[in-house]
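S.K.: Okay, predicted coordinates and the sequence, questions at the end:
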Amino acid sequence: MTTLHPTSIGAASPRLEAREKVTGHAMYAVDRPMPGAVYAWPVQAAFARGRVAAVQTEAALGIDGVLAVLWHGNAPRLEPGNDPQMLVLQSPEVAYYGQVVALVVATTLESAQEGADAVVVRAEAQPADTVLRADHPDLYEPETVNAGYPGRLETGDFEAGFGVADVRIDATYRTPTEHHNAMEPHATTAFWERGRLVVYDATQSSTTMRDTLAALFELPPQLVRVHNEHVGGGFGGKGYPKPTAVLAAMAARLVGRPVKLALSRSMLFAMVGYRTPTIQRVRLGADAKGRLLAIGHEAFAQTSRLAEFTEQSAVISRVLYGAPNHTSRHHVVRLDVPTPTVMRAPGECPGAFALESAMDELATAGNWDPVQLRIDNDTDRDAEGLPFSSRHLVECLRHGAEAFGWSGRDPRIGTRREGRWLLGTGVASSTFPAITWPSTATARATADDHFHVAVNAADIGTGARTVMRQIAADALGVPAHCVEITVGDSAIGQAPVAGGSMGTSSWGWAVTKACLALRERIDREHGGRVPPEGISVGADTTADIAARGDYARHAFGAQFCALRADPRTGEVRIDRLLGVFAAGRIINPTTARSQLIGGMTMGVGMALTEQTILDPRTGDFVTSDLASYHVAVNADIPRIDIEFVPEDDPHLNPMGSKGIGELGIVGTAAAVANAVYHATGIRVRSLPITPAALLSYSSSAGA
Ligand code: MOS
């Protein structure tokens, strides 16, 4: 047994880099002073479909300070890889509004921007098809959807089960286009040094970014180095590589100087991905006692002409409840729009809004308590028949109901009033896969009894380096202050993305393995004393992960919401949110709590304010700033409480951890929508529940 220290796993511990961040010393992608650095600014297509007939650069090149204008006629050639979105400035074809068609490089940011304004792009544009509809003639069923799930899954006989049900729900739900809007934009500093490419990039995965750049520029991976020491949020937007780094690297090669490129807020909307709008039909059939006989979930999403990305919205219905008859399937259509990408619990998040709204509707239709209905439909296997490695959804619901005061709830609609406000409460379940991917890590001991642990984690604001140090200290059996941790550099070694809520489990396993091996070597080969030259040990978890048993591994949770709504003005105000989560062993309660508060806050944004409006005539995302795209802020969130249900799962990884980055948002929007229904009797099946939306529903309901 290792000795317990106040900084070990399970200890509440502040972020290691907190002071650096709050004092402004932390260096993000374009913050590093770099002698001779110049600036790049993109020119975007103002049409959604067609081709660039000509790019006129003379006027731009005449501006003081402008060094070059890159466009498809002169940009360095890239080796086509597996992601067509990365092949920027390689052809005159335009697949979406806002696609980069030129890049101006200048000695100052201002002259680059002035130069970009002076570039004239002649277009041969065609009418664009930019709107997702459930009856779009080009919809098709993809074989697989995001994260590799089969697009369609059938068990039992859905239609038969649905047909004999005593209580049925058949409803269609909609979620809008949403954008990540991390605080730090996508940004890159790139330079070439004797044939090597060095990049500081705002990415959730420097390993993937390195491999992608190496492939595009036809370099061996060891000649590319990607740093991401600090990343100002990601939410999925920086998960897959984005063109920013490619553009900066191309420009740096052309002008022979370091190039800095930080996108503006409005550029982010077209250039780095978003969450597809979804249309989801959910059908639930239950027997007279409220046991589900049939679960049907059919999801529609859009993708681009360039690549197929299908949001896995119906996948959550394979996991959350049990039913003998099940169908879940996905449809996608290629439109003249940018390619959607992973965002804040892709799949589970929009899927939960649909499924958990439908469960609430089922509870109303059957006159069942919404918490009890969920408890009654718990299951020990997923729809594919795999047993769960651990599952404490029922405990989350029970504990949450107790802590929230659910038992005192009046099930009747619109009965509680406070002045102009109607009060309501709602609940929803939450789940997210507990993923672990192979990672490497190294651990080194020096003769002065200090330890240096390196793992190519990306700390995107989550506290990753802090929990990696806790995990390392535990495995080494020393206090955390004896351990120095290094993250955020592709040169450290292969490690997976800070995404899919897999970071801590994946990197932490490699760290544990390296540290245990190091401890063992110190004790066995050196009698417990580190030799003067030090010892270094590397670890790779590929084989360990492959050797695990077959289980459905998921974290679970339950969200409760109390709010007030004014059907005359359409306003909705959150009073209180409670999230109860069973997510394996919690490594650091402080940072875990922050993650879940963040997730639930984003869930409130999804429920009430967030939506990107696309102008169907042009294909332009017109709400491309934070004044018109409303993320939830402090004033929107009076109180969020987070509680954990202890969970001991031996089938995960040596730490027993599940991911918590995305679990918090899943379910939150449904809990809010269900509370709006309880308060007002208005069932909003289309997010967000803006004042205008609520007013239109209440007027159509004659309220
Ligand atoms: Mo997260 S959407 O998996 O980066």
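M.R.: Perfect, thanks for sending it.
S.K.: quick one, strands of the stretch 351-500 of the chain?
M.R.: For the stretch 351-500 of the chain, applying DSSP state E, counting those that start in this stretch gives strands covering 416-418, 421-433, 440-446, 450-454, 483-486.
S.K.: ok, residue 616 - how many residues close by?
M.R.: Burial of residue 616 is recorded as 12 neighbouring residues (other C-beta atoms under 10 Å). C-beta here means a position set from N, CA and C on the backbone, and glycine is covered the same way.
S.K.: Please report how far it lies from residue 269.
M.R.: Separation of residue 616 from residue 269 (C-beta to C-beta, to the nearest Å) stands at 16 Å.
S.K.: Out of the strands of the stretch 351-500 of the chain, which is the most enclosed?
M.R.: Mean neighbours per residue, mean count of other C-beta atoms under 10 Å, is largest over the strands of the stretch 351-500 of the chain for strand 421-433, with a mean of 26.
S.K.: With the ligand in mind, check whether that strand reaches it.
M.R.: No - Strand 421-433 lies apart from the ligand when judged by C-beta under 6 Å from any ligand atom; the minimum separation is 9.4 Å.
S.K.: That strand pairs with which strands?
M.R.: strand 416-418 (antiparallel), strand 554-566 (antiparallel) (DSSP bridges).
S.K.: Tell me how far the residue nearest to residue 378 when sequence neighbours are not counted lies from residue 400.
M.R.: Leaving out its chain neighbours, the residue that sits closest to residue 378 by C-beta to C-beta, 6 or more residues apart in numbering is residue 394, at 5.1 Å. According to C-beta to C-beta, residue 394 stands 11 Å off from residue 400.
S.K.: Counting neighbours, go ahead and name the busier of those two.
M.R.: More neighbours surround residue 400 than the other of residue 394 and residue 400, with 24 against 18 (other C-beta under 10 Å).
S.K.: Can you pull the residues of this protein lying near the ligand?
M.R.: Contact residues (C-beta under 6 Å from any ligand atom) of the chain with the ligand: 204, 234, 236, 239, 342-344, 346, 499-500.
S.K.: Now, the residues you listed that are in strands?
M.R.: Counting by DSSP state E, no part of the residues of the chain next to the ligand is found in strands.
S.K.: for residue 278, which residues make a bridge with it?
M.R.: residue 175.
S.K.: what about it, how many neighbours?
M.R.: Residue 278 has 28 nearby residues by other C-beta under 10 Å.
S.K.: Residue 11 too?
M.R.: Counted with other C-beta under 10 Å, residues neighbouring residue 11 total 17.
S.K.: Next, the contact list for the closest residue to residue 157 other than its chain neighbours, please.
M.R.: Take residue 157 and drop its neighbours on the chain: the residue closest to it by C-beta to C-beta, 6+ apart is residue 325, 5.5 Å away. Residues in contact with residue 325 (C-beta atoms under 8 Å, 6 or more residues apart in numbering) are 155-158, 160-162, 293-295.
S.K.: Restricted to helices, list those.
M.R.: Those of these mapping onto helices are 158, 160-162, per DSSP state H.
S.K.: out of the residues you listed, who's nearest residue 69?
M.R.: Residue 69 lies nearest to residue 158 out of these, by C-beta to C-beta, at 57.0 Å.
S.K.: bridging residues for the residue nearest to residue 157?
M.R.: Beta-bridge partners, per DSSP bridges, of residue 325: residue 294.
S.K.: confidence score at it?
M.R.: If you check residue 325, the pLDDT there is 98.
S.K.: try residue 150
M.R.: If you check residue 150, the pLDDT there is 98.
S.K.: Run a quick neighbour tally on it.
M.R.: Neighbours of residue 150 (other C-beta under 10 Å): 16.
S.K.: Please apply the same query to the one 5 residues further on.
M.R.: Counted by other C-beta under 10 Å, the residues lying close to residue 155 total 17.
S.K.: roughly how far apart are the residue nearest to it when sequence neighbours are not counted and residue 192?
M.R.: Closest residue to residue 155 apart from its sequence neighbours, by C-beta to C-beta, 6+ apart: residue 326 at 4.5 Å. Taking C-beta to C-beta as the measure, residue 326 and residue 192 are separated by 54 Å.
S.K.: Need the pLDDT of whatever residue of the stretch 301-450 of the chain ends up closest to the ligand.
M.R.: When scored by C-beta to the nearest ligand atom, the stretch 301-450 of the chain has residue 342 as its residue closest to the ligand, at 3.9 Å. What the model reports as pLDDT for residue 342 is 98.
S.K.: which residues sit in contact with it?
M.R.: Applying C-beta under 8 Å, 6+ apart, the residues contacting residue 342 are 146, 236, 239-240, 273, 499-500.
S.K.: and what of residue 28?
M.R.: Contact partners of residue 28, counting by C-beta under 8 Å, 6+ apart, are 184, 187, 202, 230-232.
S.K.: Which two among those are spaced furthest apart?
M.R.: Every pair in the contacts of residue 28 was compared (C-beta to C-beta); the two farthest apart turn out to be 187 and 230, at 11.3 Å.
S.K.: thinking again about what came up before, turn the ones in helices among the contacts of residue 325 into TSV, columns for pLDDT, neighbour count and distance to residue 443.
M.R.: Shown next, in TSV, are the ones in helices among the contacts of residue 325 (pLDDT from 0 to 100; neighbours: other C-beta atoms under 10 Å; distance: C-beta to C-beta, whole Å):
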residue	pLDDT	neighbour count	distance to residue 443
158	98	22	51
160	98	14	57
161	98	23	53
162	98	21	55
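S.K.: Between its first and last residues, how far does stretch 280-299 reach?
M.R.: Across its full length, stretch 280-299 reaches 4 Å between end residues, using C-alpha to C-alpha, to the nearest Å.
S.K.: Buried residues in that stretch, which are they?
M.R.: For stretch 280-299, burial by neighbour count (16 or more other C-beta atoms under 10 Å) applies to 280-286, 290-299.
S.K.: what does stretch 41-59 give?
M.R.: By neighbour count on 16+ other C-beta under 10 Å, the buried set for stretch 41-59 is 41-52, 55, 57.
S.K.: Need the mean per-residue confidence for it.
M.R.: 98.
S.K.: Just the CA coordinates for that stretch, please, in PDB.
M.R.: C-alpha atoms of stretch 41-59 as PDB (Å, rounded to 0.1, in the frame of the first residue of the first chain):
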ATOM      1  CA  TRP A  41      -5.300  37.300 -41.700                       C
ATOM      2  CA  PRO A  42      -7.700  35.100 -43.700                       C
ATOM      3  CA  VAL A  43     -10.000  36.200 -46.500                       C
ATOM      4  CA  GLN A  44     -13.200  34.200 -46.500                       C
ATOM      5  CA  ALA A  45     -15.600  33.200 -49.300                       C
ATOM      6  CA  ALA A  46     -18.800  35.200 -49.400                       C
ATOM      7  CA  PHE A  47     -20.700  32.400 -51.100                       C
ATOM      8  CA  ALA A  48     -21.500  28.900 -50.100                       C
ATOM      9  CA  ARG A  49     -21.200  27.000 -53.300                       C
ATOM     10  CA  GLY A  50     -19.200  27.400 -56.500                       C
ATOM     11  CA  ARG A  51     -15.600  28.300 -57.400                       C
ATOM     12  CA  VAL A  52     -13.200  31.200 -57.100                       C
ATOM     13  CA  ALA A  53     -12.700  32.500 -60.600                       C
ATOM     14  CA  ALA A  54      -9.900  34.900 -59.700                       C
ATOM     15  CA  VAL A  55      -8.100  36.300 -56.700                       C
ATOM     16  CA  GLN A  56      -6.700  39.800 -57.300                       C
ATOM     17  CA  THR A  57      -3.800  40.500 -55.000                       C
ATOM     18  CA  GLU A  58      -2.100  43.600 -56.500                       C
ATOM     19  CA  ALA A  59      -3.900  46.200 -54.300                       C
END
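S.K.: Sounds good, over and out.
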